[in-house]
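Quick one: sequence plus predicted model below, questions after.
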Amino acid sequence: MKIIIKDTAAEASAAVTEILLQQIAEKPASVLGLPTGGTPLAVYARLREEFAKGRGSYGSITTFNVDEYIGLSLHDPASYARYMRENLFEHVNVKASRTNIPDGSASDPDAEAKRYEGLIAACGGIDLMLLGLGRNAHIGFNEPGSLHHSRTRRVALTESTLEANSAYFASGAVQPTHAITMGIGTILQCRRIVVLATGPEKAEAVASSVDGVVSEAVPGSALSHHPDTTIVLDKAAARNLGIAQPMELRA
Ligand code: PGA
């Protein structure tokens, strides 16, 4: 696992932005896996800014988002479909028909999960998967206890995740308790994985994922099974690793 530690969250986000821009420059028809949540917002903002300056071409890429809430339509303000449109897709030249997100309003979420898994395979798999890391070390919505060979499926969210994400729901809005997420096995099949984690509230999850025992109790620890994972951190998220200086190293 390659670890990159930057002084600030802004610098860590800039480093991840460069990795994405390099990926689509080298392979214009890249298949990208994309996350939502608070952490990648700065990356999407930078991609928008770079695109406005003429940098980055998305015309041939295909995207697969890692997860979506069950019960939200793609127009719901808290849906990840809307988040992606507002934060990235409407601002760059990506083809809407090549952007994929599990359908949270599907009447049969199990069938939708199977369809999504099949679609990823039909596209030849994902070249680069960008991920955030939950406070409980979840990747996508694979909560602690998820099998490391799990596939895209319907999952129940933990109290910790519901609490962390409640901020994204307007007061009075119903917060879904279930989601469709790519499985850990699905994620591990991606050719390259990049994880961005920033802030002190991620320090424990980072340390247990990077330095801890590989176990189903720590979904992020599954990444050590993968041959090409880069984890990009700010100093605050790296502070429990024992290497708090800005640096790059390959472990
Ligand atoms: P966050 O979520 O970026 O909102 O902290 C990270 C995640 O759950 O993957």
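The structure has been received and is ready for your questions. In this text the structure is predicted, and so the values were computed from the model without any measurement. Numbers count the residues shown, from 1 in each chain.

low-scoring stretches of the stretch 151-251 of the chain, by residue?
For the stretch 151-251 of the chain, the stretches with pLDDT under 70 are 242-251.

For the ligand, what's the nearest residue on it?
Residue of the stretch 151-251 of the chain nearest the ligand, by CB to the nearest ligand atom: A164 (6.3 Å). In short, each C-beta sits where N, CA and C put it, glycine included.

so what's that residue closest to, chain neighbours aside?
Excluding the flanking residues, the one nearest A164 by CB to CB, 6 or more residues apart in numbering is R135, at 5.6 Å.

Give me the distance between the one you found and A197.
Distance of R135 to A197, computed by CB to CB, to the nearest Å: 10 Å.

Quick check: neighbours shared by those two?
Residues touching both R135 and A197 comprise A205, with contact defined as CB atoms under 8 Å, 6 or more residues apart in numbering.

Looking at these two, which has the bigger crowd around it?
Using other CB atoms under 10 Å as the criterion, R135 and A197 rank with A197 on top: 28 against 17.

dump the residue contacts of the more buried one.
T39, G132, L133, A205, V206, I231, V232, L233, A237.

Now for these: which two are most distant?
Across the contacts of A197, no pair lies farther apart than A205 and V232, at 14.3 Å, counting by CB to CB.

Just say helix, strand or coil for E112.
Assigned state for E112: helix (three-state reduction, DSSP: H, G, I helix; E, B strand; the rest coil).

residues near it, how many?
For E112, the neighbour count with other CB under 10 Å is 21.

Also L72?
L72: 22 surrounding residues under other CB under 10 Å.

mind listing what it touches?
A78, S79, G104, S105, P176.

repeat that for 6 Å
If you count contacts by CB atoms under 6 Å, 6 or more residues apart in numbering, L72 has them with S79, G104.

before we move on, the earlier item: buried residues in the helix or strand the residue of the stretch 151-251 of the chain closest to the ligand falls within, which are they?
With secondary structure defined by DSSP states H and E, A164 is part of helix 159-165. Residues of helix 159-165 classed as buried by neighbour count (16 or more other CB atoms under 10 Å): T161, A164, N165.

separation between the nearest residue to F51 once chain neighbours are set aside and A10?
Computed as CB to CB, 6+ apart, the closest residue to F51 that is not its neighbour in sequence is V92, at 4.7 Å. Remark: distance between V92 and A10 (CB to CB) = 21 Å.

neighbour count winner among those two?
V92 (17 against 13).

Quick check: bridge partners of I3?
I3 has these beta-bridge partners by DSSP bridges: I231, L249.

Can you pull the residues of the stretch 1-150 of the chain lying near the ligand?
Counting by CB under 6 Å from any ligand atom, the residues of the stretch 1-150 of the chain close to the ligand are P35, G37, G38, T39, G132, L133, G134, H138.

What's the nearest residue in the stretch 101-250 of the chain when you look at the ligand?
G132 (3.0 Å).

Could you count how many residues lie near the nearest residue to that residue once chain neighbours are set aside?
Excluding the flanking residues, the one nearest G132 by CB to CB, 6+ apart is T39, at 4.3 Å. Residues within reach of T39, counting by other CB under 10 Å, total 24.
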